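Colleague: Fold the stuff below for me.
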Amino acid sequence: NRFKGLVCRQSVQGKDILITDSTRYGNHGVAYGSVFTSPRGAVKGSLAFNGAGDYIEIPDDVSMHSSKGLTLSAWIRPAEIQHEGAKIIDKRYRQGAPIFSSFSLELLHANRLAVRLGRPGGYHVVATERDGEIAVGRWNHVAATYDGKKVKLFINGELKKTAPVKDVIPYDDGALYIGRYGNGDAGYFHGHIDEVGIDNKALDDLEVMLLFAKADPENYFRNSRGSGLDVAPAKFFQYQAHLSTDYPYMTPLLNSVETAGGAYAADSPFVINQASVSFAEVSGFREKFGPNMQGGVTYQLSNDGRN
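Modeller: Alright, predicted model coming up:
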């Protein structure tokens with residue numbers, strides 16, 4: 001149950017700038033600058049930041065002083081390639097140098113995702129290695145987990161980076177910031193941010209994937225559309241799926257095959273766990289696959305629906 005560990009979940013409510021926390025801790029935020037709400041969000045609405053003075057400030061609360069584990073997550077839609085250290089989430093360490101932040105989730109040059117964790121005498125930084133993995137002008141789900149031994153970075157539910165980190169995160173009464181660096185007038189994020197979440201435990205890989213999947217089911221189920229297939233009258237279309245996955249917690253599943261045609265049998269194609277082969281007269285088709293799927297689907301025409 002993810003919500004046992006959730007201590008802050010910021011969402012947009014209505015047209016007004018009400019940055020509310022849906023958890024029992026009441027870690028609500030206040031908007032500064034020209035932050036405005038947009039009806040277009042990863043879930044419902046979102047917050048728009050101009051990259052030049054907009055941010056959200058949330059007062060410190062001990063619920064955010066996690067010592068056993070940590071998960072930072074958000075939906076982001078960058079308006080441009082961000083400058084170095086554009087902050088999505090930043091928990092200020094008010095005592096300053098050499099730590100500055102207890103934790104932060106940010107974008108480095110070329111939109112690489114990074115997490116920064118404070119430690120006695122400094123901080124750890126772990127970043128993804130490929131440029132441009134965070135798409136400009138599109139919604140991306142980003143997450144970082146820390147279990148006291150290692151850091152993991154995720155983009156759209158997929159694990160992108162793992163690194164060993166073993167330290168104690170220092171905290172004081174510094175506020176939490178969304179869209180800006182907490183210890184100075186810098187690190188402004190340009191674009192939209194939605195569904196910011198902080199958990200006081202490290203979510204596992206499947207839980208992070210489900211955060212992505214529940215908010216964006218159309219991206220979770222990879223759609224493959226067939227085109228250019230014409231089945232003559234009284235002919236039949238046969239399909240068989242061959243699936244595999246590199247994701248250890250899930251079993252490949254052909255979710256459904258949808259036919260687009262004027263005539264097909266009442267028992268129209270629907271496959272569960274690759275247990276059957278079905279036939280129908282069709283003029284088009286579409287498959288839906290689960291996440292991280294590999295493999296292919298083979299198709300064959302039949303004269304009589306049996307051979």
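
Colleague: quick one: Arg116 and Ser104 touch, right?
Modeller: Yes. At 4.4 Å, Arg116 counts as touching Ser104 under the criterion of CB atoms under 8 Å. (Glycine included, C-beta is placed from N, CA and C.)

Colleague: the more surrounded of the two?
Modeller: Taking neighbours as other CB atoms under 10 Å, Arg116 and Ser104 compare with Ser104 leading, 27 against 23.

Colleague: How is the more buried one assigned, secondary-structure-wise?
Modeller: Judged by DSSP: H, G, I helix; E, B strand; the rest coil, the three-state class of Ser104 is strand.

Colleague: Now do the same contact list for it.
Modeller: Lys87, Ile88, Ile89, Asp90, Lys91, Val115, Arg116, Tyr181, Gly182 (CB atoms under 8 Å, 6 or more residues apart in numbering).

Colleague: And for Asn111?
Modeller: Neighbours of Asn111 in contact, by CB under 8 Å, 6+ apart: Pro78, Ile81, Gln82, Asp131, Gly132, Glu133, Ile134, Val136.

Colleague: burial count for the fifth one?
Modeller: Think Gly132. 10.

Colleague: picking up where we left off before, from the contacts of Ser104, pick the one nearest Glu207.
Modeller: Val115 (16.9 Å; CB to CB).

Colleague: of the contacts of Ser104, buried ones?
Modeller: By neighbour count, with 16 or more other CB atoms under 10 Å, the contacts of Ser104 hold Lys87, Ile88, Ile89, Asp90, Lys91, Val115, Arg116, Tyr181, Gly182 as buried.

Colleague: Pretty sure the first one sits in a strand.
Modeller: Put plainly, it is Lys87. Yes. When classified by three-state DSSP, Lys87 is found to be part of a strand.

Colleague: Okay, and the beta partners of it?
Modeller: Using DSSP bridges, the bridge partners assigned to Lys87 are Glu106.

Colleague: Could you export the contacts of Ser104 as JSON lines, including distance to Ala48 and pLDDT?
Modeller: Formatted as JSON lines, these follow (distance: CB to CB, whole Å; pLDDT from 0 to 100):
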{"residue": "Lys87", "distance to Ala48": "16", "pLDDT": "95"}
{"residue": "Ile88", "distance to Ala48": "14", "pLDDT": "95"}
{"residue": "Ile89", "distance to Ala48": "17", "pLDDT": "95"}
{"residue": "Asp90", "distance to Ala48": "18", "pLDDT": "95"}
{"residue": "Lys91", "distance to Ala48": "23", "pLDDT": "95"}
{"residue": "Val115", "distance to Ala48": "24", "pLDDT": "97"}
{"residue": "Arg116", "distance to Ala48": "24", "pLDDT": "95"}
{"residue": "Tyr181", "distance to Ala48": "19", "pLDDT": "93"}
{"residue": "Gly182", "distance to Ala48": "20", "pLDDT": "90"}
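
Colleague: Export those residues as a markdown table, with columns for distance to Leu206.
Modeller: Shown next, in a markdown table, are these (distance: CB to CB, whole Å):
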| residue | distance to Leu206 |
| --- | --- |
| Lys87 | 28 |
| Ile88 | 23 |
| Ile89 | 22 |
| Asp90 | 27 |
| Lys91 | 26 |
| Val115 | 20 |
| Arg116 | 25 |
| Tyr181 | 32 |
| Gly182 | 31 |
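
Colleague: Can you tell me which of those residues is nearest Asp21?
Modeller: Ile89 (13.3 Å).

Colleague: report the longest helix in the chain, please.
Modeller: Counting residues, the longest helix in the chain under DSSP state H turns out to be helix 205-215.

Colleague: Quick check: which ranges of the stretch 151-300 of the chain have low pLDDT?
Modeller: Applying pLDDT under 70 to the stretch 151-300 of the chain flags the ranges 215-300.

Colleague: again, only this time at 90
Modeller: Scanning the stretch 151-300 of the chain for pLDDT under 90 picks out 157, 183-185, 194-196, 205-207, 209-300.

Colleague: Find the nearest non-adjacent residue to Tyr93, please.
Modeller: Nearest non-adjacent residue to Tyr93, counting by CB to CB, 6 or more residues apart in numbering: Ile99, 4.6 Å away.

Colleague: nope, Thr71 is what I meant
Modeller: Thr71 sits nearest to Asp199 (CB to CB, 6+ apart), 3.9 Å away.

Colleague: Was I right to think the one you found contacts Ser63?
Modeller: No. If you go by CB under 8 Å, Asp199 and Ser63 don't touch, sitting 10.7 Å apart.

Colleague: Which one's more surrounded, the two?
Modeller: For Asp199 and Ser63, the more surrounded residue by other CB under 10 Å is Asp199, and the numbers stand at 25 against 17.
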